[in-house]
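Participant: Pasted the sequence and its predicted model underneath.
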Amino acid sequence: MSAAIPKPAHTSVPINAHATARWSGRAYDADRHVSLEDLTGVLEAARWAPSCMNEQPWRIIICDRHTNPEAWETAFDALAPANQTWCDFAPILGVICSYTRIDKDDTTNRWHSYDAGQAALSLALEATARGLMLHQMGGFETDDIRASFGIPDRYTIMTMFTLGYQLPLEKVAESMKIRELTPRTRKPLGQIVFAGKWGEGFVGGR
Ligand SMILES: Cc1cc2nc3c(=O)[nH]c(=O)nc-3n(C[C@H](O)[C@H](O)[C@H](O)COP(=O)(O)O)c2cc1C
């Protein structure tokens, strides 16, 4: 379950192991394919994410380099150059879309993007639980993805992601090491959680 390059979250009190261990690394092992069972498990976790009125607005396109190199190339071509530099080694690229309407009455679903984000985190945590690493990306050409994969207008293209196994540190290129080893940071709890009143920073503790 632990990452090849661990960068655990430093929390004021212990939290669950997968939330602690998950992080968005960039150094993938191009030689390790993701088994169908692991891929299915990660996708099942997204399927079972909560959503407003159980609309389940997320749609996910999987492009596995091993089984469908053409789809993988198509997804790769849409990535921003800065992301292409490291995504080249990821065995799986994915696209997360979100249906913007409510099924039963075709009105706007105000929560669709929120729900798609929940499914995305569920994917990432299940990946971590299976010893895999998932890295979400906003840096890509949505128009290219829409055209290449034939995504209807009523779906917002939210993010792309990489999925695969992390490369052990000793195999990571020197040029990537600094970024892979830089500690993760977060705003303090009191800056993002308020106690009963807007701006009143929550004080955590035991
Ligand atoms: C919606 C979204 C878009 C992101 N876009 C990119 C991206 O284009 N390229 C990239 O390298 N990382 C991207 N990231 C990863 C974030 O930079 C990363 O999640 C953040 O720095 C926190 O690090 P951690 O996930 O390791 O905790 C994105 C993450 C999210 C959720």
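Facilitator: Here it is on my side, so go on.

Participant: for the record, mean pLDDT for the helix or strand hosting A46?
Facilitator: Per DSSP states H and E: A46 is located in helix 36-47. Here helix 36-47 scores 98 as its mean pLDDT.

Participant: How far off centre is that helix?
Facilitator: Relative to the centre of its chain, helix 36-47 is centred 13 Å away, using Cα atoms, centre = their mean, to the nearest Å.

Participant: who does it touch, helix- and strand-wise?
Facilitator: In terms of contacts (3 or more Cβ pairs under 8 Å, 6 or more residues apart in numbering; DSSP states H and E), helix 36-47 is packed against strand 58-64, helix 112-129. All C-beta atoms are positioned from the backbone trio N, CA, C, and that covers glycine.

Participant: Give me the next element, helix or strand, following the first one.
Facilitator: Tracing the chain past strand 58-64, the next element assigned as helix or strand by DSSP H and E is helix 69-78.

Participant: What is that following helix packed up against?
Facilitator: Helix 69-78 sits against strand 58-64, strand 92-99, helix 142-149, with contacts defined as 3+ Cβ pairs under 8 Å, 6+ apart.

Participant: Give me the residue ranges of the chain where confidence is low.
Facilitator: By pLDDT under 70, the low-scoring segments of the chain are 1-3.

Participant: Run a quick neighbour tally on the one residue in it that gets nearest to the ligand.
Facilitator: Across the chain, no residue is closer to the ligand than G139, which sits at 3.0 Å (Cβ to the nearest ligand atom). For G139, the tally of surrounding residues (other Cβ atoms under 10 Å) stands at 14.

Participant: Give the burial count for K177, as a bare number.
Facilitator: 13.

Participant: can you list the residues that contact the one helix or strand it maps to?
Facilitator: According to DSSP H and E, K177 maps onto helix 174-181. Applying Cβ atoms under 8 Å, 6 or more residues apart in numbering, the contact partners of helix 174-181 are I5, K7, G25, R26, A27, W86, L169, V172.

Participant: That one near the ligand at all?
Facilitator: No: in terms of Cβ under 6 Å from any ligand atom, no part of helix 174-181 sits within range of the ligand; the closest distance is 8.8 Å.
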